[in-house]
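Q: this is the structure alone, sequence omitted:
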């Protein structure tokens, strides 16, 4: 009974918060100079995501320093629905999401308002458009976040990275790829190991997105750590090289995170 009440109350608060904050952004962004709108969206999104995490009972910490470089492509492992909000609570950035979300009722409007970059992975002809959109955000000084695994996992390892998103920064003289690792430290006050860890991740193919979100809403508390790695220079490197180096860097962060959990 308590769990059901927690889920219902959090869902109501989360829904009210995201609709209110998106409406405010939709109303105010038009008064911001066009060249500054991406940064404005990212800044308000960071503030909103910090609130979302508190509503959902998620405590987020960060280890490692964020780089000063302007053109930064942030890459991370992918655990589940919380990932974008958790990462955006720690840094201003623009999300990349699958193109079909643009057509979802309400969700599509939210995505367009906050400035999500849509990617149609199955349509190779749109690859150049995606690269241009990412590069434009980077030139505007906004980090862009991608999950190059292309799917979610339980975070115990890091799956091979797809190389497409790295084309946007390949060979960029002043660019960098920022490796990130989402480390689940605790679930409901206990070390996140075994089946307890699976309560916060979305790796079960039989579970729908809504079922996973409803399950997460029922957790009393979660502690996640955003591990920040050393930026990887993009100068003189093609997308395949950047994908390989980034995967190795995120994997190293994952192995360090496993040692922390075992200690």
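A: Thanks, I have the structure now. Because the structure is a prediction, the values reported are computed rather than measured.
Q: so what does residue 174 look like in phi/psi?
A: phi -110, psi 20 (degrees, to the nearest 10).
Q: distance check, it against residue 71.
A: 6 Å (CB to CB, to the nearest Å). C-betas here are computed from N, CA, C, even on glycine.
Q: neighbour-wise, which of these two wins?
A: Taking other CB atoms under 10 Å, residue 174 and residue 71 do not tie; residue 71 has more neighbours (23 against 12).
Q: go ahead and confirm the more buried one touches residue 170.
A: No: contact criterion CB atoms under 8 Å: residue 71 and residue 170 do not qualify, at 11.8 Å.
Q: anything in contact with each of the two?
A: residue 234 (CB atoms under 8 Å, 6 or more residues apart in numbering).
Q: against residue 206, how distant is residue 144?
A: 32 Å.
Q: between the two, who's got more neighbours?
A: residue 144 (26 against 5).
Q: look up the residues forming beta bridges with the more buried one.
A: Taking DSSP bridges as the rule, residue 144 bridges to residue 73, residue 94.
Q: burial of residue 160, as a residue count?
A: 11.
Q: remind me which helix or strand it belongs to.
A: If you go by DSSP states H and E, residue 160 is not part of any helix or strand.
Q: and the nearest residue to it once chain neighbours are set aside, its phi and psi?
A: Leaving aside its sequence neighbours, residue 160 sits nearest to residue 247 (CB to CB, 6 or more residues apart in numbering; 6.5 Å). Main-chain torsions, residue 247, degrees, to the nearest 10: phi -60, psi -40.
Q: so residue 247 touches residue 158, yeah?
A: Yes: using CB under 8 Å, residue 247 is in contact with residue 158, at 6.4 Å.
Q: the spatially closest residue to residue 231 that is not a sequence neighbour: how many residues sit nearby?
A: In this structure, residue 231 finds its nearest non-sequential neighbour in residue 176, 4.0 Å apart by CB to CB, 6+ apart. Neighbourhood size, residue 176 [other CB under 10 Å]: 24.
Q: hmm, residue 176 is touching residue 230, no?
A: No: here residue 176 lies out of contact with residue 230, judged by CB under 8 Å, at a distance of 9.5 Å.
Q: low-scoring pLDDT stretches of the stretch 101-250 of the chain, where are they?
A: Across the stretch 101-250 of the chain, the ranges flagged by pLDDT under 70 are 121-126.
Q: so which residues of it form helices?
A: 107-114, 127-139, 194-198, 209-217, 239-262 (DSSP state H, counting those that start in this stretch).
Q: of all the ones you listed, which lies closest to residue 56?
A: Set against residue 56 and scored by CB to CB, these come closest in helix 209-217, at 6.9 Å.
Q: tell me the pLDDT of residue 261.
A: Note on residue 261: pLDDT of 62.
Q: same check on residue 72?
A: For residue 72, pLDDT reads 92.
Q: how about it, nearest residue that isn't a chain neighbour?
A: residue 143 (4.5 Å).
Q: so who does that neighbour touch?
A: So residue 143 contacts 42, 72-74, 91-94, 178 (CB under 8 Å, 6+ apart).
Q: again, 6 Å this time
A: With contacts defined as CB atoms under 6 Å, 6 or more residues apart in numbering, residue 143 is in contact with 72, 74, 93.
Q: and if you look at residue 222?
A: Contacts of residue 222 by CB under 6 Å, 6+ apart are 58, 187, 200.
Q: quick check on those: which are buried?
A: Buried members of the contacts of residue 222, counted by 16 or more other CB atoms under 10 Å: 58, 187, 200.
Q: just put those residues in TSV and tack on distance to residue 22.
A: Output for the buried ones among the contacts of residue 222, formatted as TSV (distance: CB to CB, whole Å):
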residue	distance to residue 22
58	20
187	29
200	25
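Q: between these, which is closest to residue 29?
A: Distances from residue 29 to these, taken by CB to CB, are shortest for residue 58, at 26.6 Å.
Q: phi and psi next, for that closest one.
A: According to degrees, to the nearest 10, residue 58 has phi -100, psi 120.
Q: now it. Nearest residue, chain neighbours left out?
A: According to CB to CB, 6+ apart, the nearest residue to residue 58 is residue 222 (4.7 Å).
Q: this completes my enquiry, with thanks.
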